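Trainee: what's the 3D shape of this:
(one chain, ligands or ions: 2)
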Amino acid sequence: MVIAPSLLAANFGKLAAETIRAQRGGARWLHLDIMDGHFVPNISFGPEVVRVLRPITRMFLDVHLMCARPEILLEPFAKFGANQMTVHVELNERVTPLLWKIKSLGKKVGLALNPPTSMSHAEPYLSQIDLLLIMTVNPGFGGQPFITETLPKVQQAVAWRRHKGLDFRIEVDGGINFQTAAECARVGADTFVSGTGLFGKRNFKAAFRKMQKIVNVQSRHSLSHSVCRRLIGTRRRAQHLPHGTGEMLRRIPPP
Ligand code: DX5
Ligand code: ZN
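Mentor: Ligands and ions are numbered 1, 2, ... in the order given. So this is what the prediction gives:
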């Protein structure tokens, strides 16, 4: 389980200190929301922020490009040290070249989809990605309420991942707090972006730990996980396999 605090909810007057606060609070990932005023009705920040933050943190920099022309940003973000770049499936025929470009830059490849976009748009790309970002609010602003109707998309992603034998991460983004993180973990999400829910708290570390504990407990109750565990148990007994990892659990074919 990965929890990625979103820098969008940090104090922009002290981004370096806020980044350190997240890292000291236990975060291994930092989510960076890049908004261009075209794809979404808001503007945030660009590659320069990654250039400044990269030397001060070891965290995995998870760059979410809510941009009409991500083509012009991939190289700068890669050069300055982003670890993963996520583009939106709503860019249609430009998605394939964008995914290839991110891969060719040696970065992890993410694909995002907005709440109104059907999962069928993402399906053709699943074998090419490291992460599927399911937006749980309409992108553009932090602090919005979670859209519960997006939860079946997480279940669909879990089912496809299992049926197709893939191992992409399933990330949820928008309105993630203790309660909604639990709901997402229960249906199989494994990567949780939270801005206001963490940076908005006085005690970041306590909030981070609490969210981590919640998603770990809830994921153990998730149906897909328990089905996988049963399957791997049966297989291990049959084939004398050693105790599996999370990755192995995900590769179990459908019953
Ligand atoms: C929304 C962004 C989110 C946002 C989440 O457009 O993609 O990453 O920062 O913020 P909260 O957790 O405050 O909803
Ligand atoms: Zn985001």
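Trainee: name the nearest residue to residue 59, ignoring sequence neighbours.
Mentor: Once flanking residues are discounted, residue 59 sits nearest to residue 30: 4.5 Å by C-beta to C-beta, 6 or more residues apart in numbering. For every residue, glycine as well, the C-beta is placed using N, CA and C.
Trainee: the one you found: which element?
Mentor: Here residue 30, judged by DSSP states H and E, is contained in strand 29-35.
Trainee: contacts for stretch 163-172 next, please.
Mentor: Under the criterion C-beta atoms under 8 Å, 6 or more residues apart in numbering, residues 2, 4, 110, 126-127, 129-134, 136, 150, 154, 157-158, 160-161, 184, 188-193, 247, 250-251, 253-254 lie in contact with stretch 163-172.
Trainee: tell me the residues of the protein that contact ligand 2?
Mentor: Residues of the chain lying close to ligand 2 (C-beta under 5 Å from the ion) are 33, 64, 173.
Trainee: per-residue pLDDT, the last one?
Mentor: Pointing back at residue 173 there. Residue 173 is assigned 99 on the pLDDT scale.
Trainee: how many residues are close by the residue nearest to it when sequence neighbours are not counted?
Mentor: Leaving aside its sequence neighbours, residue 173 sits nearest to residue 193 (C-beta to C-beta, 6+ apart; 3.9 Å). Neighbourhood size, residue 193 [other C-beta atoms under 10 Å]: 27.
Trainee: quick one: mean pLDDT for the helix or strand hosting residue 193?
Mentor: Per DSSP H and E, residue 193 falls inside strand 191-194. When pLDDT is averaged along strand 191-194, the result is 99.
Trainee: and if you look at stretch 136-146?
Mentor: The average pLDDT within stretch 136-146 is 98.
Trainee: residues making contact with that stretch?
Mentor: Residues outside stretch 136-146 that contact it (C-beta under 8 Å, 6+ apart) are 6, 8-9, 33, 35, 39-42, 66, 112, 114-116, 147, 150, 172-177, 180, 184, 195-196, 200.
Trainee: and the residue of the stretch 151-255 of the chain found nearest ligand 2, how many neighbours?
Mentor: Residue of the stretch 151-255 of the chain nearest ligand 2, by C-beta to the ion: residue 173 (4.4 Å). Per other C-beta under 10 Å, the neighbour tally for residue 173 reads 27.
Trainee: quick check: residues of this structure near ligand 1?
Mentor: The chain has residues 6, 8-9, 31, 33, 64, 137, 139-140, 142-144, 173-176, 193-197 near ligand 1, with proximity defined as C-beta under 6 Å from any ligand atom.
Trainee: any idea how many residues pack against residue 24?
Mentor: Residues within reach of residue 24, counting by other C-beta under 10 Å, total 11.
Trainee: swap in residue 75?
Mentor: Residue 75 has 12 nearby residues by other C-beta under 10 Å.
Trainee: could you do residue 106 as well?
Mentor: Neighbours of residue 106 (other C-beta under 10 Å): 8.
Trainee: and the one 4 residues further on, by the same measure?
Mentor: Applying other C-beta under 10 Å, we find 25 other residues in the vicinity of residue 110.
Trainee: tell me the helix or strand right after the strand or helix carrying it.
Mentor: Using DSSP H and E, the element containing residue 110 is strand 108-113. Note on strand 108-113: by DSSP H and E, the next helix or strand toward the C-terminus is strand 131-135.
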